[in-house]
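*Asks:* here are the coordinates; sequence isn't available:
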Ligand SMILES: Cc1cc2nc3c(=O)[nH]c(=O)nc-3n(C[C@H](O)[C@H](O)[C@H](O)COP(=O)(O)OP(=O)(O)OC[C@H]3O[C@@H](n4cnc5c(N)ncnc54)[C@H](O)[C@@H]3O)c2cc1C
Ligand SMILES: Cc1cc2nc3c(=O)[nH]c(=O)nc-3n(C[C@H](O)[C@H](O)[C@H](O)COP(=O)(O)O)c2cc1C
Ligand code: FES
């Protein structure tokens, strides 16, 4: 067994370092910077059934410790994704790098159709169901209005496919626990969190919000404590594997995520600023395990000991 | 340009000089194998070991020497202010070369008989580099510069400007103070107001008539670009515009740099821009 392997329930990865949807394109954008196939996996841009133009500009704005985005799920649609990238995805999968598709829809049928198409290609290891996008008027976070609505969606998807399902949860809720439980009860295999937080920025010169949608998604290092809190709560609610993300910027950040019970992590916004960050984390983690002469599973066990006391 | 040529380079500052009341000239060590075309840009992490300022900052290239990349910049906010305090030897991270460039292919240039560069303020930076590249390959081509600046506090030193241009039309908000010839020996004309005071002048009209197939390359603030497109509506000059937008990554990973297309939908400026053909975009 390799030092960095992750094996828990349906979460099988050669290492715990993944990329977060919307911050890593389709993966090939990062090939000029490093060999992407070394990663545990990549999550591709949020995908819808039909191509989607996304929101009008401005779409991003820098804030202290991170950024706001209002991309609005701009993407080329599932058919073009397959047409353009399936060969590349299969080459990643052949190297042991998991490919996760982040699936979005306005209606339950949209999700089911994307899954039908995806199942027929075999170029995705996991389906990440995005019920937490704050930047679209329909679908997205609307499925997180209450745990029941979300559960209904996951249940339908579960019946449709055998591919492992990841449910990506929103931090914009009173308590994450009921959502985690509902996802689990509805047949989800893995929980991922957190998506972006809702945020606002006002341009004091024009005396108007900077984004046409008024609010946008806040991400980056500043949201890390909130992410850790929600992951901790999720860990206490389920034994399912958890993929944690939200503001990871360096090696110690990653260990903190393991310490609240994440089984794997995703790097998001920092990919945009430092395109080799995931590669750097991987090298550091490998060295760390070697120096400590312990596999990652053991290190995680030690880091989470405090939660069992 | 192949995507594979893009890299994240460790570079250092070779100079960082204030060259007039408003502009700084930044020199960056040129990594071996690094090349860039006029109009393309680099994305710079001003403080590589800090999360503040958070995102990288995009800059066009002003010149490219054997050992140095030149960037002309002005202070806009936190990032450029911090950049202006950096000393020689300071390390930066630089991703590049990024985006599209101004046309320079033989097949295109052989049909051109004159070039008009229209710069608003700091928009001179990529156009200056374009002029340099045109002259290196097509010395015989006339390059005319229409340069809109607020006042003399924005003028580039004479050394930078005197070689390339057959004529320069200055549009200044306060013309009077600068009319006495700023650049000795250059064929300069002065107009009061924005660039359209020059573009709508009798002198410009007689100059443009000399050319059968001129091209225009334009870079400046958004309102100027919009006004240029409007001005060009009944003239149909072949025009290439260098645009700006907020950028999250610079290498087509975030889809943050959307600019509306004339045919609907968006282009992503870090890949399909910053240089765009005037008919392809719809500046709202
Ligand atoms: C392709 C391209 C080429 C450019 N070339 C030059 C150049 O040669 N010389 C020069 O002086 N300036 C250039 N700019 C503008 C330059 O990037 C901004 O002035 C700079 O990012 C402002 O950063 P700041 O921290 O000082 O300002 P702030 O206002 O504090 O910046 C806050 C945020 O807004 C972003 N931002 C602000 N203004 C712009 C802008 N106009 N374009 C993109 N992002 C912006 C910053 O990146 C940052 O994320 C270029 C922009 C683009 C897109
Ligand atoms: C520009 C941008 C686009 C994003 N697009 C998506 C998306 O399409 N689907 C999704 O589930 N999450 C999306 N996210 C959220 C991230 O995947 C991640 O959950 C969030 O940014 C928190 O992690 P971070 O702080 O490391 O970025 C996006 C985030 C950013 C910054
Ligand atoms: S700046 Fe990220 S896609 Fe253009």
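*Replies:* That came through, no problem. Computed from a prediction, not measured in an experiment: that's the story for all the values here. Residues are numbered from 1 along each chain as shown, chains lettered A, B, ... in the order given. Ligands and ions are numbered 1, 2, ... in the order given.
*Asks:* show me where pLDDT drops low in the chain?
*Replies:* You didn't say which chain, so I picked chain A. A:1, A:133-140 (pLDDT under 70).
*Asks:* look at chain B instead
*Replies:* When residues are selected by pLDDT under 70, those of chain B lie in B:1-4, B:175-185.
*Asks:* Just the buried positions in stretch A:165-184, please.
*Replies:* A:165-173, A:176-180, A:182-184 (16 or more other Cβ atoms under 10 Å in any protein chain shown). Glycine gets a C-beta too; all of them are placed from N, C-alpha and C.
*Asks:* Then stretch B:211-225?
*Replies:* B:211, B:214, B:215, B:216, B:217, B:218, B:219, B:220, B:224, B:225.
*Asks:* Bridged to the fifth one, which residues?
*Replies:* What that stands for is residue B:217. residue B:117, residue B:240 (DSSP bridges).
*Asks:* Residue B:70 versus the residue lying closest to residue B:197 once chain neighbours are set aside, what's the distance?
*Replies:* Excluding its sequence neighbours, the residue lying closest to residue B:197 (Cβ to Cβ, 6 or more residues apart in numbering or on different chains) is residue B:191, at 4.0 Å. As for residue B:191, its distance to residue B:70 is 28 Å (criterion: Cβ to Cβ, to the nearest Å).
*Asks:* Give me the sheet partners of the helix or strand hosting residue B:168 and which way each runs.
*Replies:* Element membership for residue B:168, per DSSP states H and E: strand B:167-172. Next to strand B:167-172 in the sheet, as set by DSSP bridges, lie strand B:143-149 (parallel), strand B:188-192 (parallel).
*Asks:* Could you see whether ligand 1 lies near the first one?
*Replies:* No. Judged by Cβ under 6 Å from any ligand atom, strand B:143-149 stays clear of ligand 1, getting no closer than 13.7 Å.
*Asks:* helix or strand right after that strand?
*Replies:* Next helix or strand after strand B:143-149 toward the C-terminus (DSSP H and E): helix B:158-161.
*Asks:* Next: the shortest one.
*Replies:* Stepping forward along the backbone from strand B:188-192, the first helix or strand reached (DSSP H and E) is helix B:195-199.
*Asks:* what's the offset of whichever helix or strand comes after that following helix from the middle of its chain?
*Replies:* Using DSSP H and E, the next helix or strand after helix B:195-199 towards the C-terminus is helix B:202-208. Remark: helix B:202-208 is offset 24 Å from the chain centroid, using Cα atoms, centre = their mean, to the nearest Å.
*Asks:* cool, and stretch B:124-131?
*Replies:* 5 Å.
*Asks:* For burial, what's the neighbour tally of the residue nearest to residue B:197?
*Replies:* 21 (other Cβ atoms under 10 Å in any protein chain shown).
*Asks:* Is it in contact with residue B:202, as I believe?
*Replies:* No. With contacts counted by Cβ atoms under 8 Å, residue B:191 stays clear of residue B:202, the gap being 10.8 Å.
*Asks:* Quick check: beta-bridge partners of residue B:191?
*Replies:* Counting by DSSP bridges, the residues bridging with residue B:191 are residue B:171.
*Asks:* Neighbours of the closest residue to ligand 2 within the stretch 51-200 of chain B, how many?
*Replies:* Using Cβ to the nearest ligand atom, the single residue of the stretch 51-200 of chain B nearest to ligand 2 is residue B:55, 10.8 Å away. Neighbourhood size, residue B:55 [other Cβ under 10 Å]: 26.
*Asks:* Please apply the same query to residue B:155.
*Replies:* Counted with other Cβ under 10 Å, residue B:155 comes out at 22.
*Asks:* What of residue A:143?
*Replies:* 25.
*Asks:* Quick check: it is in a helix.
*Replies:* Yes. Under DSSP: H, G, I helix; E, B strand; the rest coil, residue A:143 falls within a helix.
*Asks:* Is it correct that it is in contact with residue A:151?
*Replies:* No. Under the criterion of Cβ under 8 Å, residue A:143 is not in contact with residue A:151, lying 9.8 Å apart.
*Asks:* residue ranges of the helices in chain A, please?
*Replies:* For chain A, the helices defined by DSSP state H occupy A:78-94, A:108-121, A:147-160, A:177-185, A:224-237, A:251-259, A:270-273, A:277-292, A:296-303, A:305-308.
*Asks:* Can you tell me which of the ones you listed is nearest to residue A:61?
*Replies:* helix A:270-273 (13.3 Å; Cβ to Cβ).
*Asks:* Let me know whether that closest one sits next to chain B.
*Replies:* Yes. Residues of helix A:270-273 contacting chain B under Cβ under 8 Å from any Cβ of the partner chain: A:271, A:272, A:273.
*Asks:* returning to that earlier point: now name the helix or strand holding the residue of the stretch 51-200 of chain B closest to ligand 2.
*Replies:* Residue B:55 belongs to no helix or strand, assigned by DSSP H and E.
*Asks:* The stretch 51-200 of chain B against ligand 2: which residues are in contact?
*Replies:* Remark: no part of the stretch 51-200 of chain B is in contact with ligand 2, using Cβ under 6 Å from any ligand atom.
*Asks:* Which residue, other than its chain neighbours, is closest to residue B:128?
*Replies:* According to Cβ to Cβ, 6+ apart, the nearest residue to residue B:128 is residue B:62 (5.8 Å).
*Asks:* Check whether the one you found really touches residue B:130, as I assumed.
*Replies:* No. Assessed by Cβ under 8 Å, residue B:62 is found out of contact with residue B:130, at 10.5 Å.
*Asks:* circling back to that earlier point, quickly compare the strands paired with strand B:167-172 and say which is most buried.
*Replies:* Among the strands paired with strand B:167-172, the stretch with the highest mean neighbour count (mean count of other Cβ atoms under 10 Å in any protein chain shown) is strand B:143-149, at a mean of 25.
*Asks:* And for it, what's in contact with it?
*Replies:* B:114-121, B:124, B:127, B:131, B:134-135, B:155, B:161, B:164-172, B:194-195, B:198-199, B:204, B:207, B:220, B:224 (Cβ atoms under 8 Å, 6 or more residues apart in numbering or on different chains).
*Asks:* and if you look at stretch B:253-265?
*Replies:* Outside stretch B:253-265, the residues within contact range by Cβ under 8 Å, 6+ apart are A:22-25, A:29-30, A:45, A:53-57, A:59-60, A:69, A:71, A:74, A:271-272, A:275, B:243, B:245-249, B:266-270, B:273, B:276, B:279-284.
*Asks:* How many residues are close by residue 38?
*Replies:* Just going to use chain A. Neighbour number of residue A:38 under other Cβ under 10 Å is 16.
*Asks:* That was the other one, I meant chain B.
*Replies:* Neighbour tally, residue B:38, other Cβ under 10 Å: 25.
*Asks:* so who does the nearest residue to it once chain neighbours are set aside touch?
*Replies:* Counting by Cβ to Cβ, 6+ apart, residue B:38 lies nearest to residue B:130, which is 3.9 Å off, once chain neighbours are set aside. Going by Cβ under 8 Å, 6+ apart, residue B:130 touches B:38, B:39, B:102, B:104, B:117, B:217.
*Asks:* and with 10 Å instead?
*Replies:* When contacts are counted by Cβ atoms under 10 Å, 6 or more residues apart in numbering or on different chains, residue B:130 is found next to B:37-39, B:60, B:101-104, B:115, B:117, B:143, B:164, B:217, B:219, B:240, B:242, B:275.
*Asks:* How is it assigned, secondary-structure-wise?
*Replies:* Under three-state DSSP, residue B:130 comes out as helix.
*Asks:* which residues are in contact with both of residue B:62 and residue B:130?
*Replies:* residue B:38.
*Asks:* Tell me which residue of chain A is positioned farthest from its centroid.
*Replies:* residue A:205 (35.4 Å; Cα atoms, centre = their mean).
*Asks:* what separates that one from residue A:63, distance-wise?
*Replies:* Counting by Cβ to Cβ, the separation of residue A:205 from residue A:63 is 16 Å.
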